[in-house]
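In: With the input below, show me the fold.
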Amino acid sequence: MRTVTEAAPPGGPPLVAFSWDMTTEHDRLAPFAGQLTGADRAFMVGPYARDMTTIDEALRFCEQYDLVPLLHTLDLDLCGLDPIDETLVKQLGVAARRLGVEWVTTDLAMWTKDGEALVEALVPMPWIADAVDYVVPRVARMQELLGVRVAVENSSYAYVIGDANPFTLQSEIVVRADAVMVYDVGHHLIASTVSGISTDDLMPADYAWDRVVESHLSGVTVLAAEDGPTADDQHAAPISEELWQLARRHMPEARGLRAMVAESEGIRGEDLVTKVGRLAAEVEIWRKDGAAR
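Out: Numbers count the residues shown, from 1 in each chain. Sure thing, here's the model as predicted:
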């Protein structure tokens, strides 16, 4: 089985990846894997740290279809109030080594409370500068325990607390903790929607694009609420032209990108094939644009 290091070395073209829920929809979507394979293809698995059954199934799947594994954990608690569960993080490090990944991705959010997973009710990091001082040592310690780097992802927000720029905070965290970064395009649009700040104005000129090794893209649903619009990323929803254009404006800056993931939990198989095909074509557009800038 190929690793990210072998399939997408720094400076080369990124992997085009996809994801689905291994525990609930693998049997339904796996038959489409033959239409999603290729030298530049990867599969992102999203397990809990102690779920070695899912890790083993992902390994078998990637070996069968020559896919490069990526790892997005559901309980690496970057922003939580609980002390770091060092045993859990070490177990996740075992999973990372088995999959051969260079980094583990997770959102800037509280993923657990009193030991209970909050995957369906994440509490994203507030937009306040003091949060950086709290999160940086947690990220640094987690990297020591994992044995690989943490790829810190801009989170999704149903509402905003604070007035600092979230991308500036994300950049400061990864630089100070010597981590790497995930830029989620849909989460960018969601942050813009709930804050009322345009997507371009929200992205600072000094965003740490050189730290971005992975990016995610999925559909977004905008909802009307009493206090103004809110939004949610819907992995099964179609990717709107607004999102494709947002990606075209910003992704060429990610010149160190190693993997681009079409998050697709809940999707129909036929739609997944179309989605990954469009993403592969867009990646080539971004690379050419980035080289020309």
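In: use CA for all of it now, contacts and neighbours both
Out: Will do.
In: which element is the residue lying closest to Arg248 once chain neighbours are set aside on?
Out: Leaving aside its chain neighbours, Arg248 sits nearest to Trp286 (6.2 Å; criterion: CA to CA, 6 or more residues apart in numbering). Here Trp286 sits within helix 269-292, counting by DSSP states H and E.
In: neighbouring contacts of that helix?
Out: 13, 16-18, 28-29, 32, 35-36, 248, 251-255, 260, 262, 264 (CA atoms under 8 Å, 6 or more residues apart in numbering).
In: can you pull the buried residues of that helix?
Out: With burial defined by 16 or more other CA atoms under 10 Å, the residues of helix 269-292 counted as buried are Gly269, Leu272, Val273, Lys275, Val276, Leu279, Ala280, Glu282, Val283, Trp286, Arg287, Gly290.
In: Make JSON lines out of the residues you listed and add pLDDT.
Out: Putting those into JSON lines (pLDDT from 0 to 100) gives the following:
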{"residue": "Gly269", "pLDDT": "95"}
{"residue": "Leu272", "pLDDT": "95"}
{"residue": "Val273", "pLDDT": "95"}
{"residue": "Lys275", "pLDDT": "95"}
{"residue": "Val276", "pLDDT": "95"}
{"residue": "Leu279", "pLDDT": "96"}
{"residue": "Ala280", "pLDDT": "95"}
{"residue": "Glu282", "pLDDT": "95"}
{"residue": "Val283", "pLDDT": "95"}
{"residue": "Trp286", "pLDDT": "94"}
{"residue": "Arg287", "pLDDT": "90"}
{"residue": "Gly290", "pLDDT": "86"}
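In: Check the burial of Gln143 by counting its neighbours.
Out: The tally of other residues near Gln143 (other CA atoms under 10 Å) stands at 22.
In: ok so it is a helix residue?
Out: Yes: Gln143 forms part of a helix when assessed by DSSP: H, G, I helix; E, B strand; the rest coil.
In: excluding its backbone neighbours, what's nearest it?
Out: Arg149 (5.3 Å).
In: Touching, the one you found and Glu102? I think so.
Out: Yes: counting by CA atoms under 8 Å, Glu102 is a contact partner of Arg149 at 6.7 Å.
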